[in-house]
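Peer 1: any chance you could fold what I've pasted below:
(one chain, ligands or ions: 2)
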Amino acid sequence: MDKQIRVAVAGAHGRMGQEVVRMLGQDAELVYTGALDTRGDDEAVRRQLDEMRPDVLVDFTTPHSVYRHLELCLNHGIRPVVGTTGLTPEQLQELTARYREAGLGGIIAPNFAIGAILLMKFAAMAAKYMPHVEIIELHHDRKLDAPSGTALKTAEMIAAVREEIKQGHPEEAESIPGARGAEYHGFRIHSVRLPGLVAHQEVLFGATGQTLSIRHDSINRESFMPGVNMAIKAVMNLGELIYGLEHLID
Ligand SMILES: NC(=O)C1=CN([C@@H]2O[C@H](COP(=O)(O)OP(=O)(O)OC[C@H]3O[C@@H](n4cnc5c(N)ncnc54)[C@H](OP(=O)(O)O)[C@@H]3O)[C@@H](O)[C@H]2O)C=CC1
Ligand SMILES: O=C(O)C1=N[C@H](C(=O)O)C[C@H](O)C1
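Peer 2: Ligands and ions are numbered 1, 2, ... in the order given. Okay, the predicted model is just below:
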């Protein structure tokens, strides 16, 4: 076997982190070096990294800590595999430039489930022909960010190919603010939060006399693990930071 890949996990005790640690234990090519917690001072963080010497940091934490973790990776030459959502487009752009300059590989993917990647691609295909579209994303009620990272990425991919029109009646009015959801480049994104849900998304298209619905459901968090595993191995051979698992699949 080639050299094993040493992997630290930030957020190792969270819902996703626990699943990642389990997955690492099942792959002989990967070594779990331990949990990284950056809530201490800089010296405590440096000590953890010195002990673990990770090649890769998998991050499933919070929108508040992920930017710092990506800077930490850059400063220590560690390749990030980030699932945490909530980075702004400006942060993504800035980090991408800095990683490119450093020649360091990494991936930020708002969704690691292959079915969700396919949903995004199918939605972008359909939006070219059916520009009237709404996105409904549905998640568990412990989720911090809205809309979901997946919905935002889907919206970006749709907006890149869709004729920019403002949907709905030109005189429509909300009697309760927010009733029509969030507006993104003329179309709407709706976020549902309920206990019992995991991660789900439906993209609805409408045209004269017809509708098209494309839906993906993650019914458990194991659904994300083949994508995380693939990303850990792929970043070892990348020289830049990429945004979206689709770039590894094509
Ligand atoms: N890309 C993808 O495919 C997926 C992405 N996600 C995203 O992943 C993120 C995590 O989701 P989920 O696992 O459900 O969330 P959880 O709240 O279950 O887990 C987050 C974990 O991060 C820990 N944490 C917070 N701050 C730090 C820090 N500075 N250093 C180390 N650990 C920290 C928390 O610790 P404590 O509990 O002690 O506060 C917690 O254990 C979210 O942004 C979510 O949107 C989720 C699923 C799939
Ligand atoms: O918080 C979650 O659970 C999820 N977050 C990601 C997102 O914001 O899109 C991915 C998946 O939907 C689960």
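
Peer 1: for ligand 2, what are the nearby residues on this structure?
Peer 2: With Cβ under 6 Å from any ligand atom as the criterion, the chain meets ligand 2 at residues 85, 110, 111, 139, 143, 148, 149, 150, 199. The C-beta positions use only the backbone N, C-alpha and C, and glycine is treated the same way.

Peer 1: okay, and which of the residues you listed map to helices?
Peer 2: Among those, DSSP state H puts 149, 150 in helices.

Peer 1: so how far is residue 234 from the residue in the chain positioned nearest to ligand 1?
Peer 2: At 2.0 Å from ligand 1, residue 14 is the closest residue in the chain, using Cβ to the nearest ligand atom. Noted for residue 14: a distance of 23 Å to residue 234, by Cβ to Cβ, to the nearest Å.

Peer 1: what about the residue lying closest to the residue of the chain closest to ligand 1 once chain neighbours are set aside, how many neighbours?
Peer 2: Among residues not flanking residue 14 along the chain, residue 60 sits closest, at 5.9 Å (Cβ to Cβ, 6 or more residues apart in numbering). Using other Cβ atoms under 10 Å, residue 60 is surrounded by 25 other residues.

Peer 1: so what's residue 60 up against?
Peer 2: Residue 60 is in contact with 9, 10, 11, 14, 15, 16, 17, 20, 83, 84, counting by Cβ atoms under 8 Å, 6 or more residues apart in numbering.

Peer 1: one more time with 7 Å
Peer 2: Applying Cβ atoms under 7 Å, 6 or more residues apart in numbering to residue 60 gives the contacts 11, 14, 16, 17, 20, 83, 84.

Peer 1: do a quick rundown of the strands in this structure.
Peer 2: 5-10, 30-36, 56-59, 79-82, 106-108, 132-139, 182-184, 187-193, 199-207, 210-218, 241-243 (DSSP state E).

Peer 1: just checking, residue 180 touches residue 167?
Peer 2: No: when contacts are counted by Cβ atoms under 7 Å, residue 180 is not listed as touching residue 167 (9.4 Å).

Peer 1: what residue, apart from its backbone neighbours, is nearest the spatially most central residue of the chain spatially?
Peer 2: Nearest to the mean C-alpha position of the chain, by Cα atoms, centre = their mean, lies residue 110 at 1.0 Å. Nearest non-adjacent residue to residue 110, counting by Cβ to Cβ, 6+ apart: residue 149, 3.1 Å away.

Peer 1: how much space separates that neighbour from residue 53?
Peer 2: Distance, residue 149 to residue 53, using Cβ to Cβ: 30 Å.

Peer 1: check residue 176 too.
Peer 2: Distance, residue 176 to residue 53, by Cβ to Cβ: 54 Å.

Peer 1: look at those two and report which has more neighbours.
Peer 2: Between residue 176 and residue 53, counting by other Cβ under 10 Å, residue 53 is the more crowded of the two (11 against 6).

Peer 1: quickly list what the closest residue to that one other than its chain neighbours is bridged to.
Peer 2: Take residue 53 and drop its neighbours on the chain: the residue closest to it by Cβ to Cβ, 6+ apart is residue 6, 6.2 Å away. With DSSP bridges as the criterion, residue 6 is bridged to residue 31.

Peer 1: correct me, but residue 6 touches residue 55?
Peer 2: Yes: in this structure, residue 6 is within contact of residue 55 by Cβ under 7 Å, at 4.8 Å.

Peer 1: look at these two and report which has more neighbours.
Peer 2: residue 55 (19 against 16).

Peer 1: quick one: pLDDT of that one?
Peer 2: Looking at residue 55, its pLDDT stands at 98.

Peer 1: for it, give its distance to residue 104.
Peer 2: Note on residue 55: its distance to residue 104, by Cβ to Cβ, is 11 Å.

Peer 1: okay, and the common contacts of those two?
Peer 2: Joint contacts of residue 55 and residue 104 (Cβ under 7 Å, 6+ apart) are residue 79.
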